[in-house]
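In: What follows is a predicted protein model with its sequence.
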Amino acid sequence: MELPIVGAAQATARVDSTRGGGGSGVARHVLLIEDETNIAEALRFILERDGWQVSALGDGAQAVAMVRGLRPDLVILDLMLPGADGLEILAALRADPATAALPVLMLTAKGQARDRAAAEAAGVSRFMAKPFANAEIVAAASALVPG
Amino acid sequence: MATQGLTGSRVRERRLALGLRQADLARTVAISASYLNLIEHDRRRIGPAVLARLAPALGIDAAALALGPENALIEDLRAAAAVEAGAAAGKLRAEIERIDEFVARFPGWAEVLAQSYRRGAQLDRAVAALNDRIAHDPHLSQALHEVLSAVSAVRSTAAILAETEDIEPEWRTRFHRNLHGDSERLAAGAEALVAYLDGSDQAAEAGIASPQEEFDAWLAARGWHLAELEAGAGMAGALAELASGAARALAGDWVAQAAADVAALPLAPLLAALAPLGPEVGPDPAALAGMFGASILAVMRRLATLPGAAVGLVICDGAGTLTFRKPVPGFMPPRFGAACALWPLYAALGRPMTPITARIATGGRGGQRFRVQAFCQPRYPQGFGGPELREAAMLVWPDPGTAAGAALAVGSTCRICPQAACPARREPSIILSVA
């Protein structure tokens, strides 16, 4: 299937890795939707090291179509994205039966109670405020999708 | 005079505190009970002879009874009592009816209490302003978002470099490059934050008073008249006296408008036009506007700021918020919060371009009768396609005590208003609750 290739901000946008860890068959697949290129790159590195297959997307506009096409095991979603609001993307995913139960880990630079409540109301699986520790992200991802 | 009305209220408070009946006190001081009633409700001034008899009957000296300068102190003590009673859900009640006794016996303590109330109010305001700034300021929010994003990237990348021993050279190079980029971005973000906080320090330095209060005090200290403008001189030196940038901006706007008003309504011709009018008649802003080709609001501003003008002026915007408050003895616009909904100012606000005249009577302390003229003028700064901005003004002329006839009973603001049966009351009055 052909997916729309998205915007300019992500030279590193769709880098699928085959670096499967642990030898337990098929690697868990995470779609990282984050417009901060360097954060995305760091996340990709640590998640791949932990045995994940990582796809990355730097724009919100194509996020829902991308999730439907890739069918990842986990979505890591930034709250503030160009092209679409993280909460809107989450609501669209929850509204579609195919993705209603998909684990979604939401990231935001505004770790405020208001945003957390809004994300929880929209059906987020877990919420993490920037700046996060790498180990926290890895642990949270593994808790949502046990390897 | 402010002290007149004030005295009536004080007589009533003092009498009630002593548990005296109006009729008994009236007999003691040899006046009729109905006359005493008028005095107590600030409808009649107290002559020196009656005052001299009333004071000993109330166990207070005449000067203390007729006092004026403690007005502000007592207002603040009342407000402090109201705030604390509200905060304690009625479990805490100051002896409002004995406030005069308190001030007279413990002037130092009373001043300390009032000062700490004022400080508390300032701090409340500062906290609210800071909360508001953090929660709603898009610039601050944007700057913080930038910094947090850069910090996230730096933290994550640095941790990878520090903790991954077997990192491939190409990855290490890439992460080093990213770190460099993010640290540059972090520096820029921090600079933006510092610039923002530096730029907004005017708000912090004005913690002493709100910019509006500072502006009011500045204009009051000039007798509400800008003599420099009449002489064609600049106001830059006078504006520099204001401590906060926000107050300077308010004053700057006022000065610019006043300069235009002076040009439209020059002092000498204006005074000449006013001269034939007796004190009983009073000027008509609409007629003067026609005579000078000026706007009615400009005439109203000008009348209230002529040298020694004994007339009050309040101006509000479309939200009813007071943007200008020149008091006149007996008519004291509220320092904080919303004003009395019954003011003809607000009737005018709802009916633009319609002159409204009315007689009003303020109740309680300092209460008197006034003749008011109110007018609202809409503006369309963005033309036909833009919003309508309304501005209403009300001139408050003292009405000589002999005037008879009905007057609309109004107040300053609900919390300190003694009008018992008011159809427009928003919240209970601290004064009524103890009467």
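Out: Yes, it's here. Residues are numbered from 1 along each chain as shown, chains lettered A, B, ... in the order given.

In: Identify the residue nearest residue B:30 in space, chain neighbours excluded?
Out: residue B:53 (6.8 Å; Cβ to Cβ, 6 or more residues apart in numbering or on different chains). (Glycine included, C-beta is placed from N, CA and C.)

In: Count the residues that sit near that neighbour.
Out: 15 (other Cβ atoms under 10 Å in any protein chain shown).

In: Summarise which helices and strands the strand or helix carrying it is packed against.
Out: Assigned by DSSP states H and E, residue B:53 belongs to helix B:48-57. In terms of contacts (3 or more Cβ pairs under 8 Å, 6 or more residues apart in numbering or on different chains; DSSP states H and E), helix B:48-57 is packed against helix B:22-28, helix B:62-65.

In: in it, what's buried?
Out: B:50-51, B:54-55, B:57 (16 or more other Cβ atoms under 10 Å in any protein chain shown).

In: what sits against the residue nearest the centre of chain B?
Out: Centroid-nearest residue in chain B, with Cα atoms, centre = their mean: residue B:335, separated by 2.9 Å. Neighbouring residues of residue B:335 by Cβ atoms under 8 Å, 6 or more residues apart in numbering or on different chains: residue B:213.

In: Point out the residues in chain B that sit beside chain A.
Out: Residues of chain B lying close to chain A by Cβ under 8 Å from any Cβ of the partner chain are B:141, B:144-145, B:148-149, B:151-157, B:159-160, B:163-164, B:171, B:174-175, B:178, B:181-182.

In: Show me the shaky parts of chain A.
Out: Within chain A, the ranges that satisfy pLDDT under 70 run A:1-25, A:83, A:109-113.

In: and if we set it to 50?
Out: A:1-23 (pLDDT under 50).

In: List, one by one, the residues from it near chain B.
Out: A:36, A:38-39, A:41-43, A:45-46, A:49, A:80, A:109-110, A:130-134.

In: Keep only those of those that are in helices.
Out: Using DSSP state H to define helices, the subset of the residues of chain A next to chain B located there is A:38-39, A:41-43, A:45-46, A:49, A:134.

In: can you list the residues you listed in a markdown table and add neighbour count?
Out: As requested, these are arranged in a markdown table below (neighbours: other Cβ atoms under 10 Å in any protein chain shown):
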| residue | neighbour count |
| --- | --- |
| A:38 | 24 |
| A:39 | 27 |
| A:41 | 24 |
| A:42 | 29 |
| A:43 | 28 |
| A:45 | 21 |
| A:46 | 21 |
| A:49 | 17 |
| A:134 | 22 |
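
In: Comparing the helices and strands packed on helix B:48-57 by mean pLDDT, which bottoms out?
Out: When these are compared by mean pLDDT, helix B:62-65 comes last with a mean of 69.

In: and the next element down the chain from that helix?
Out: helix B:71-87.

In: Next one: residue B:306 from chain A, what distance?
Out: In this view, residue B:306 and chain A are 52 Å apart by Cβ to the nearest Cβ, to the nearest Å.

In: Double-check that that residue belongs to a helix.
Out: No: looking at residue B:306 with DSSP: H, G, I helix; E, B strand; the rest coil, it is coil, so not inside a helix.

In: ok, it - contacts?
Out: Counting by Cβ under 8 Å, 6+ apart, residue B:306 touches B:225, B:267, B:270-271.

In: hmm, 7 Å instead?
Out: By Cβ atoms under 7 Å, 6 or more residues apart in numbering or on different chains, the residues touching residue B:306 are residue B:225.

In: Quickly note the distance from it to residue A:60.
Out: 62 Å (Cβ to Cβ, to the nearest Å).

In: Could you do residue B:408 as well?
Out: Residue B:408 sits 59 Å away from residue A:60, taking Cβ to Cβ as the criterion.

In: Over to residue A:41?
Out: For residue A:41 relative to residue A:60 (Cβ to Cβ), the value is 18 Å.

In: ok, now residue B:423?
Out: 54 Å.

In: Would you map the strands across chain A?
Out: For chain A, applying DSSP state E gives strands covering A:28-33, A:52-57, A:74-78, A:104-108, A:126-129.

In: mind checking the end-to-end distance for stretch B:329-339?
Out: Stretch B:329-339 has an end-to-end distance of 17 Å (Cα to Cα, to the nearest Å).

In: pLDDT on it, on average?
Out: 80.
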